[in-house]
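Colleague: Sequence plus the predicted model coming up.
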Amino acid sequence: MTFFRPDQALNQTVQTILDATFHEFPSLKRDQIALTWIVYDEPVIVNTGGAISAEEFWKHSVRRSSYRSFERIYPASLVKLFYLVAIAEWLEGHMIESSAELERAITDMIVDSSNDATSLIVDTLTGTTSGPELPDAPFETWKHQRNLVNRYFQNLGWEELNGINVNQKPWNEGPYGRERAFVGKMLDNRNMLTTDAVARLLHSIVGGVAVSSVRSQQMMKLLKRSLNVAKPEAGEENQVTGFLGEGLPKNAQLWSKAGWTSKVRHDAAYIEIPNKQPYLLTVFTEGQENASNTQILPFISQAIANLSSTDY
C-alpha cells in the first residue's frame, strides 16, 4: 500500500495557492515548480518519539496533494537528507564506526549545509575519494562504489524513489578530475530527486522509522530549526529566511532541510502549528530569477499556514 492517498480537498487548495503564487510572481512558470503536501490527521503517527513500530507505521496512509511531484529536478543540498539516512544506516549496521570527526561532519552537513562536510560523508559511505582522473578499469570500480547509496535506496523498494540519483557530491564551484568525468560531459549523471521522493524520506524520519527510532530521533534533532533567526548577510543563507520557515507563525515548530544554487531554490519541511494538523511540505523551484527570489517559498508556506483546519 502506498504511504499516501490523493485527496480532492487538498488538491483544490493547492491549486488555489499555486494560482495565487503564479499571479504574485509572474517570473515563475508553471513548469518551474513542484510540490508535495502531506497532512497528518488524528491519530497523528509522526513525531511520536519512535512509539510506533515500522510495521505499524507503514500500515497508515496519509492524505497528500501534489503538483509535478514526479518530475526529476536537480535537488541541490536536499540530497544531504539521503546521505544523512544512509550514514545512519551504515553506523547502525556497524559497516563504519563513529568518531568525533564523523559526527562533526554529519552535524555540519545538515545544520549548516556544509558541502565540505558532505564530501567526507560521501567518501565514508562509498569508500571513494575525489582526485585526478582514473584509467578506465579503476574508474569503473570507483563508479560502482560511488553508486552504493543509490543501490541502498533502490533496495527499499519505494515507488517514489524510482529514477532518482544520489551519487554526486555537492560543490561550491563545481567538480574536477574524476568527479567531473563522473557527472558526465552534459551533466547527465547529476543528482536528481522529486518532491515525492524527498517527502517520503522525510516522512520516514519524522515517523521514527528511518533506520531505527533512535537514529530517527537523532536526525530530527539535526533538522530542528529556530524561527527566531537574524536576517542573514548578503550571500548567506540560514535555511529559514527565504525558505518555508519564513512563512510560519512564531509559535510554529519546524524541522527542515533547504537547498539552493543560482538556478534552484528548494525546501522540505515538517511543520507543527498549535491547534492545526501537522503537515509535511516539499517545494522545488527552478530558474535563475526564481532561485534568487527569496519570497516565493515563504509566500506558499504562509498561504498554507494561514489555512483553517476546515480548509483541508
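Modeller: Noted; the coordinates are in hand. Numbering: from 1, shown residues only.

Colleague: Show me what residue 260 is bridged to.
Modeller: Beta-bridge pairing for residue 260 (DSSP bridges): residue 265.

Colleague: So it sits against residue 74, correct?
Modeller: No - under the criterion of Cβ atoms under 8 Å, residue 260 makes no contact with residue 74, lying 11.0 Å away. From N, CA and C alone the C-beta is placed, and that goes for glycine too.

Colleague: anything in contact with each of the two?
Modeller: Listed as contacting both residue 260 and residue 74 by Cβ atoms under 8 Å, 6 or more residues apart in numbering is no residue at all.

Colleague: how is this structure carved up into domains?
Modeller: Domains of the chain are assigned by automatic domain parsing as 1-73+194-312, 77-193.

Colleague: Pick the most buried one from these.
Modeller: Among those, domain 1-73+194-312 has the highest mean neighbour count (mean count of other Cβ atoms under 10 Å), at a mean of 18.

Colleague: which one of the domains of the chain has the lowest average pLDDT?
Modeller: Per-stretch mean pLDDT for these is lowest at domain 1-73+194-312 (a mean of 94).

Colleague: give the contact list for the spatially closest residue to residue 223 that is not a sequence neighbour.
Modeller: For residue 223, ignoring the flanking residues on the chain, the nearest one in space by Cβ to Cβ, 6 or more residues apart in numbering is residue 255 at 4.1 Å. Contacts for residue 255 were tallied using Cβ under 8 Å, 6+ apart; they are 206, 220, 223, 224, 225, 269, 270, 271.

Colleague: do that again at 7 Å, thanks
Modeller: Neighbouring residues of residue 255 by Cβ atoms under 7 Å, 6 or more residues apart in numbering: 206, 220, 223, 224, 225, 269, 270.

Colleague: and which of those is nearest to residue 118?
Modeller: Nearest to residue 118, judged by Cβ to Cβ, of the contacts of residue 255 is residue 223 at 15.1 Å.

Colleague: how close does that closest one get to residue 209?
Modeller: With the distance defined as Cβ to Cβ, to the nearest Å, residue 223 ends up 15 Å from residue 209.

Colleague: and what of residue 312?
Modeller: 25 Å.

Colleague: same question, residue 150
Modeller: Applying Cβ to Cβ to residue 150 and residue 209 gives a distance of 21 Å.

Colleague: What helices and strands are in contact with the helix or strand hosting residue 298?
Modeller: For residue 298, the host element (DSSP states H and E) is helix 296-305. Judged by 3 or more Cβ pairs under 7 Å, 6 or more residues apart in numbering; DSSP states H and E, helix 296-305 is in contact with helix 8-24, strand 279-286.

Colleague: Using CSV, write out every CA atom in that helix.
Modeller: Provided in CSV are the C-alpha atoms of helix 296-305 (Å, rounded to 0.1, in the frame of the first residue of the first chain):
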residue,chain,number,x,y,z
ILE,A,296,8.3,32.6,-3.3
LEU,A,297,8.7,29.8,-0.8
PRO,A,298,7.6,32.0,2.2
PHE,A,299,4.5,33.0,0.2
ILE,A,300,3.5,29.4,-0.4
SER,A,301,4.3,28.4,3.2
GLN,A,302,2.3,31.3,4.7
ALA,A,303,-0.7,30.5,2.4
ILE,A,304,-0.8,27.0,3.8
ALA,A,305,0.0,28.1,7.4
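
Colleague: Dump the helices and strands packed on helix 296-305 into TSV; add distance to residue 141 as well.
Modeller: Formatted as TSV, these follow (distance: least, Cβ to Cβ, whole Å):
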stretch	distance to residue 141
helix 8-24	46
strand 279-286	34
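
Colleague: For residue 63, which of these is the nearest?
Modeller: Between those, helix 8-24 lies closest to residue 63; by Cβ to Cβ that is 5.9 Å.

Colleague: which residues are in contact with that closest one?
Modeller: 28, 30, 35, 37, 39, 63-65, 67, 296, 299-300, 303-304, 307, 311-312.

Colleague: Leaving out the residues flanking it, which one is nearest to residue 91?
Modeller: Counting by Cβ to Cβ, 6+ apart, the residue nearest residue 91 is residue 98, at 5.8 Å.

Colleague: Is that neighbour in contact with residue 90, as I believe?
Modeller: No - counting by Cβ atoms under 7 Å, residue 98 sits too far from residue 90 to count as a contact (10.0 Å).

Colleague: need the strands for the chain, in chain order.
Modeller: With DSSP state E, the ranges of strands along the chain come out as 4-6, 33-39, 62-67, 224-225, 253-260, 264-272, 279-286.

Colleague: next one: the shortest one to chain centre, how far?
Modeller: In this view, strand 224-225 has its centroid 14 Å away from the chain centroid, taken as Cα atoms, centre = their mean, to the nearest Å.
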